[in-house]
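**Q** What follows is a predicted structure for the sequence shown.
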Amino acid sequence: MKHADAPLSIQNMSVAYHKKPVLEQVSLTVPEGKLIGIVGPNGAGKSTLIKAALGLIPSLSGEVKIYGKPYKEQRKLVGYVPQRESVDWDFPTNALDVVTMGRYGHLGWFRRPGSKEKQIAMSCLEKVGMAEFADRQISQLSGGQQQRIFLARALAQDASLYFMDEPFVGVDAATEKAIITLLSELKKQGKTVLVVHHDLSTVQEYFDWVILLNVGIVDIGPTNEVFTKEKLQQTYGGKLAIWDQEDSHTLIG
């Protein structure tokens, strides 16, 4: 599937760390308005795929287009939620300021955020249930609360395409539910969301589309077509110990 105006199109991307291939000849095109899970074993290149698409790490080859243009020309259209452990949570700033940073792409670097931006940031905090923590230092928040703050910042960007790197890792059940509610809302607004995800038991419930990745693309497409026992065996190899199609319980060993 090739569309010049697709939210994300990648052609022949390869990435290596210390000469070891992490992604090899990855090509994919994703449709608009879908929740898309990126699934594969540890070391499959899931986070690398996102970071290389955003230009955060160099790629050996390949071309990335966001709505038909290079990422640097489309930055305003893209929101990114990194892995929580990659963030310096000791940085002296409060929750509201972090979320307000999501508005900088709309302001340009030389305009300071005013009351309108603060109002937008507060409404995003409310959407993730964190309005009462607006003045709290981010270092004093729990892991789940920190994750909600980062989601609120992505919301404040008002992007069209979102990349989320393991947003469900280490969060409590209430935060997981809040994230899913948020993803559903983004989908209703016609946004496209790619999520690096490790819990196979929730893939069918959470995502419309799936990218099965293990250094290269194993398959990509609608979840009910791609997320099968056979395709998962291809993706995980011998590591896929148990697969029960009835209730989607999966153990990785």
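**A** In hand now; what should we look at? Just so we're clear, the structure is a prediction, and the values are computed from it rather than from any experiment. Numbers count the residues shown, from 1 in each chain.
**Q** Quick one: mean pLDDT over stretch 7-19.
**A** When pLDDT is averaged over stretch 7-19, the result is 94.
**Q** and that stretch, which residues are buried?
**A** Using 16 or more other CB atoms under 10 Å as the test for burial, stretch 7-19 gives P7, L8, S9, I10, M13, S14, V15. Heads up, the C-betas are built off the backbone N, CA and C, glycines and all.
**Q** So which of the residues you listed are in strands?
**A** Judged by DSSP state E, the buried residues of stretch 7-19 include L8, S9, I10, M13, S14, V15 as members of strands.
**Q** Tell me the bridge partners for the fourth one.
**A** Same thing as M13. Counting by DSSP bridges, M13 is bridged to V26.
**Q** Tell me if I am right that A154 is in a helix.
**A** Yes. A154: assigned to a helix according to DSSP: H, G, I helix; E, B strand; the rest coil.
**Q** Next one, pLDDT for it please.
**A** 87.
**Q** and the residue nearest the centre of the chain, what element?
**A** Centroid check for the chain by CA atoms, centre = their mean gives M164 as the closest residue, at 1.6 Å. Using DSSP states H and E, M164 maps to strand 161-165.
**Q** Can you name every helix or strand that that strand contacts?
**A** helix 46-53, strand 78-81, strand 192-196 (3 or more CB pairs under 8 Å, 6 or more residues apart in numbering; DSSP states H and E).
**Q** Now the weakest link among these, please, by mean pLDDT.
**A** Within those, confidence is poorest for strand 78-81, with a mean of 90 (mean pLDDT).
**Q** How about residues contacting that strand?
**A** The contact list for strand 78-81, computed with CB atoms under 8 Å, 6 or more residues apart in numbering, reads 50, 54, 66, 71, 102, 150-151, 153-155, 157, 159-165, 167.
**Q** List buried members of these by neighbour count.
**A** By 16+ other CB under 10 Å, these give 50, 54, 66, 71, 102, 150-151, 153-155, 157, 159-165, 167 as buried.
**Q** low-scoring stretches of the stretch 151-253 of the chain, by residue?
**A** Residues of the stretch 151-253 of the chain that meet the criterion pLDDT under 70 lie in 238-253.
**Q** Bridged to the residue nearest to the centre of the chain, which residues?
**A** Going by DSSP bridges, M164 forms beta bridges with V81, V195.
**Q** how far away is it from V81?
**A** Shown here: M164 relative to V81, a distance of 4 Å by CB to CB, to the nearest Å.
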